[in-house]
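Q: My questions concern the predicted model and sequence given below.
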Amino acid sequence: MATVAVIDEVNAANVRRHVETIVTEIPHRAAGSANGKRMAEYSCAAMKEAGVADTRVHELPAIVSFPEHADFAVRSPAQISIQANTLGHSTLTMPEGITGDLVYVGSGAFADYEGKDVRGKIILTELSYSPARHEKQRIAALMGAIGCVMMNWGHPENEAVPFGSVKPVWGNPTPENYDTEMATLPCIGISRAAGLKLKDMCAEGPVRVWLKTHVENGWRPVQITVGEIALDESPEPGDFVLVGGHQDSWPGEAATDNAAGNACMIELARVFNQHRGELRRGLVFGFWTAHETGTMAGSSWFADRNWDKLRDHAVTYFQIDQPACVGTTRWATASNAELKSFHERIEKQLLGGREYYWKRAAKSGDSSFFGLGIPMFHGQGAFTEQELKDTALATLGWWHHSIENKLDKLDWDWMQVHLQVYAAYLWELCTAPVLPFAYRPVADQILARLDELAAAGEPVGLASVAAKAKEFAAATDRLDALAESWRAKFAAGDGDEDAARALNGAFKKLSHMLVTLQSSAKGTYGQDTYGYTPQTTMIPCLYDIPQLGKLPDGEERWMLETKLVRDRNRVADTIADALAVIGDAERTLV
């Protein structure tokens, strides 16, 4: 079988060759820099060498950041100088810097501020992704803080000083969000060892600190690389799977983040191009930029400028970022729920008994396509729960976003397994007559969330939405069964292309509606800020419903209720439209 062929043909040695070249010849691949452009050109040349002739570099303007070191010191109860980095898109302090009392606020989420007054103070927070740096900064500003100090993750003795960005705006800002969503505070990163000492000092009594940032923020020309394996003939002309990963990086080698991901993309392109005559759907490979210092400016630009093509023909987005980190022993996949059964079947087959687990895809990495409603997923090695507990949730390794991210942080035997799993994912998505989607899991997530909100949602009429969602769940059972029956017919050699096109067309329409509902507060034509707290929940536009019951009658409650009624209507319309799509498919195929 060809699926066995592509699994056997991918080779981690080729990935290693590319990674070694990238990290030695093109370190610090910052968006808007000479090396950022060189990396885009390298990706283009490598893709063409792999046989993907239709590959080109696109230049675009983006607001990016060039942070440098930061000056940081404890003023009392002792005089201590601490090594620090300015975080990307931090505001620039005045030449004299800023001074303030230091307050430890845990992970920096809203709940961590309960009982703490940080107005006019500088906060000390963990660097975990709960929430992300960008959201920590946004929340700190809302709480009245004047600056942020973020301590690295890792073991308590970790001396690595982190890089990172704090720009909440997803992609380039607009006239509407420039003044409301760009970073407004000076922010710095320090090592975990230094941060824990400061945390202990805060527990003992008042701590006063001084900091000064050094950063240049501004518009620069940046480059993305896009290669396409288009098909001469197909039962579904123009349809494709989008594969993406960022090619910009922080100072140093940045071997795992994301030289390894880019090299995997090149190797997958090489193998799949050799089998293009066997594919039903093509492949588009996007090497994004301004991920690190522009908060997804490259991938969001691609989404905006290729809207019609993506809307009509993209069936899935597969993201590759930081595969095969050394020390990871299990497998983690994040996906929109309609993809879960598909990728878990492959993981069970190919991971050799390793533990694998799933979580709902959140808006992180270059997930710029939720507004379009393209279902996405990404999978890679993961640390054990105990390792995460011991390293302050260092999901991407203690070296992540630091000068210590070197070639020795990659496991090449594990990389071969990653490539094989990736090849199997893409083969099925590119060749299955009926796309391997299932919508009952989506319905279950919607039902569960509406049930959680049932009591608090009574004032906005959520009960009738829940009733309609139950109808939708029953309809997804019928649709999934219908799709499975046609998969069996194709497997037996008795398929019908008209039926496959009808089902796949219905799947695309459903995802356009449901992915956006599941994953975006702003909806189809906006981009939520990075790490936005409502994104932690299913149907983020309903996040504030529990707040209603805590508010007395008055202006604040009435304004919130007005907003939430409109969001309730959005959910109701989406479910009704999804029911109509399933009904149309049933009338066509039953």
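A: Looks like it arrived, so ask away.

Q: From here on, just use CA atoms for contacts and neighbour counts.
A: OK.

Q: Okay, now the unreliable bits of the stretch 1-150 of the chain?
A: Residues of the stretch 1-150 of the chain meeting the criterion pLDDT under 70: 1-2.

Q: repeat that with 90
A: Scanning the stretch 1-150 of the chain for pLDDT under 90 picks out the ranges 1-4, 127-130.

Q: any idea where the strands of it begin and end?
A: Under the criterion DSSP state E, counting those that start in this stretch, the stretch 1-150 of the chain contains strands at 55-67, 69-76, 80-81, 84-86, 98-104, 122-126, 147-151.

Q: Of all those strands, which one is nearest S299?
A: Closest to S299 of those, according to Cα to Cα: strand 55-67, at 11.0 Å.

Q: Pull out the buried positions in that closest one.
A: Using 16 or more other Cα atoms under 10 Å as the test for burial, strand 55-67 gives T55, R56, V57, E59, L60, P61, A62, I63, V64, S65, F66, P67.

Q: In a markdown table: those, plus distance to H313.
A: Output for the buried residues of strand 55-67, formatted as a markdown table (distance: Cα to Cα, whole Å):
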| residue | distance to H313 |
| --- | --- |
| T55 | 19 |
| R56 | 20 |
| V57 | 22 |
| E59 | 24 |
| L60 | 24 |
| P61 | 26 |
| A62 | 27 |
| I63 | 30 |
| V64 | 31 |
| S65 | 34 |
| F66 | 37 |
| P67 | 39 |
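
Q: What is the end-to-end distance of stretch 81-101?
A: This stretch, stretch 81-101, spans 16 Å end to end (Cα to Cα, to the nearest Å).

Q: Go through it and flag the buried ones.
A: Those would be 83-93, 98-101, for stretch 81-101 by 16+ other Cα under 10 Å.

Q: quick one on the thing from earlier: export the strands of the stretch 1-150 of the chain to CSV and tack on distance to Q518?
A: Output for the strands of the stretch 1-150 of the chain, formatted as CSV (distance: least, Cα to Cα, whole Å):
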stretch, distance to Q518
strand 55-67, 28
strand 69-76, 39
strand 80-81, 46
strand 84-86, 35
strand 98-104, 33
strand 122-126, 28
strand 147-151, 30
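
Q: The ones you listed: which one's closest to R570?
A: With Cα to Cα as the measure, strand 55-67 is the member of the strands of the stretch 1-150 of the chain nearest R570 (32.0 Å).

Q: what about G227, which helix or strand?
A: strand 215-229 (DSSP states H and E).

Q: Now the element after that strand, going C-ward?
A: Strand 215-229 is succeeded, C-terminally, by strand 240-246 (DSSP H and E).

Q: So which residues make contact with that next one?
A: Applying Cα atoms under 8 Å, 6 or more residues apart in numbering, the contact partners of strand 240-246 are 258, 261-262, 265, 281-291, 313-321, 366, 426, 429-430.

Q: what inclination does it have with respect to strand 215-229?
A: Put simply, strand 240-246 runs at 150 degrees to strand 215-229, going by axes from the mean of the first three to the mean of the last three Cα atoms, to 10 degrees.

Q: Report the buried residues of strand 240-246.
A: Going by 16+ other Cα under 10 Å, strand 240-246 has these buried residues: F240, V241, L242, V243, G244, G245, H246.

Q: Tell me the pLDDT of the fourth one.
A: Spelled out, that is V243. You'll see V243 listed with a pLDDT of 99.

Q: which ones are touching the residue most central in space within the chain?
A: The centre of the chain sits closest to S364, judged by Cα atoms, centre = their mean, with a distance of 2.4 Å. Shown in contact with S364 (Cα under 8 Å, 6+ apart): Y530, G531.

Q: Distance of it relative to K489?
A: Distance of S364 to K489, given as Cα to Cα: 38 Å.

Q: for A50, same thing?
A: Going from A50 to K489 by Cα to Cα gives 36 Å.

Q: Which one of those two is surrounded by more residues?
A: A50 (18 against 13; other Cα atoms under 10 Å).

Q: Specify the local secondary structure of the nearest residue to that one once chain neighbours are set aside.
A: The spatial neighbour of A50 that comes closest, neighbours along the chain excluded (Cα to Cα, 6 or more residues apart in numbering), is R270 at 4.5 Å. Classification of R270 using DSSP: H, G, I helix; E, B strand; the rest coil returns helix.

Q: Go ahead and confirm R270 touches V52.
A: Yes - R270 is in contact with V52 according to Cα atoms under 8 Å; the separation is 7.5 Å.

Q: Please list all residues in contact with L407.
A: E20, V23, E253, A255, T256.

Q: what does D366 give?
A: For D366, the contacting residues are G244, G245, H246, H291, M296, S299, S300, Q319, by Cα under 8 Å, 6+ apart.

Q: hmm, back to that, just the buried residues of stretch 81-101 now: which is nearest D577?
A: D577 has its nearest neighbour among the buried residues of stretch 81-101 in H89, at 40.5 Å by Cα to Cα.

Q: surely that closest one meets S65?
A: Yes - counting by Cα under 8 Å, H89 touches S65, with 5.5 Å between them.

Q: Are there residues contacting both of these two? Which ones?
A: Each of V215, E216, N217, T293 lies in contact with both H89 and S65 under the rule Cα under 8 Å, 6+ apart.

Q: Any of these buried? List them.
A: Applying 16+ other Cα under 10 Å to those flags V215, N217, T293 as buried.

Q: What is the nearest of these to G583?
A: Closest approach between these and G583, by Cα to Cα: T293, at 45.2 Å.

Q: Cross-check the contact I'm expecting between the closest one and S165.
A: Yes - counting by Cα under 8 Å, T293 does reach S165; the two are 5.9 Å apart.

Q: and for the two, which residues touch both?
A: Residues touching both T293 and S165 by Cα under 8 Å, 6+ apart: G88, H89.

Q: By residue count, which helix of this protein is the longest?
A: The longest helix of the chain (DSSP state H) is helix 555-589.

Q: Where do the helices of the stretch 51-200 of the chain begin and end?
A: Ranges of helices in the stretch 51-200 of the chain, per DSSP state H, counting those that start in this stretch, are 133-142, 178-181, 192-204.

Q: contacting residues for Q416?
A: Q416 sits next to V10, N11, A12 when contact means Cα under 8 Å, 6+ apart.

Q: Quick check: of those, which has the highest neighbour count?
A: Using other Cα under 10 Å as the neighbour criterion, V10 leads those with 24 neighbours.

Q: Would you check that that one makes contact with E267?
A: Yes - contact criterion Cα under 8 Å: V10 and E267 qualify, at 6.6 Å.

Q: for this protein, which spans come out with low pLDDT?
A: 1-4, 127-130, 364, 549, 590.

Q: Domain ranges for it, per the record?
A: As assigned by automatic domain parsing, the chain contains the domains 2-65+237-431, 69-213, 440-589.

Q: Look up the residues forming beta bridges with the nearest residue to F377 once chain neighbours are set aside.
A: In this structure, F377 finds its nearest non-sequential neighbour in S335, 4.1 Å apart by Cα to Cα, 6+ apart. Applying DSSP bridges to S335 gives these bridge partners: R360, F377.

Q: gap between S335 and G379?
A: Computed as Cα to Cα, the S335 to G379 distance reads 9 Å.

Q: The two: which is more packed in?
A: The neighbour count for S335 versus G379, taken as other Cα under 10 Å, is higher for G379 (24 against 20).

Q: Distance check, the more buried one against L419.
A: Per Cα to Cα, G379 is found 11 Å from L419.

Q: Same check on G36?
A: Plainly put, G36 is 25 Å away from L419 if you go by Cα to Cα.

Q: before we move on, what about G32?
A: Look at G32 and L419: by Cα to Cα, they are 30 Å apart.
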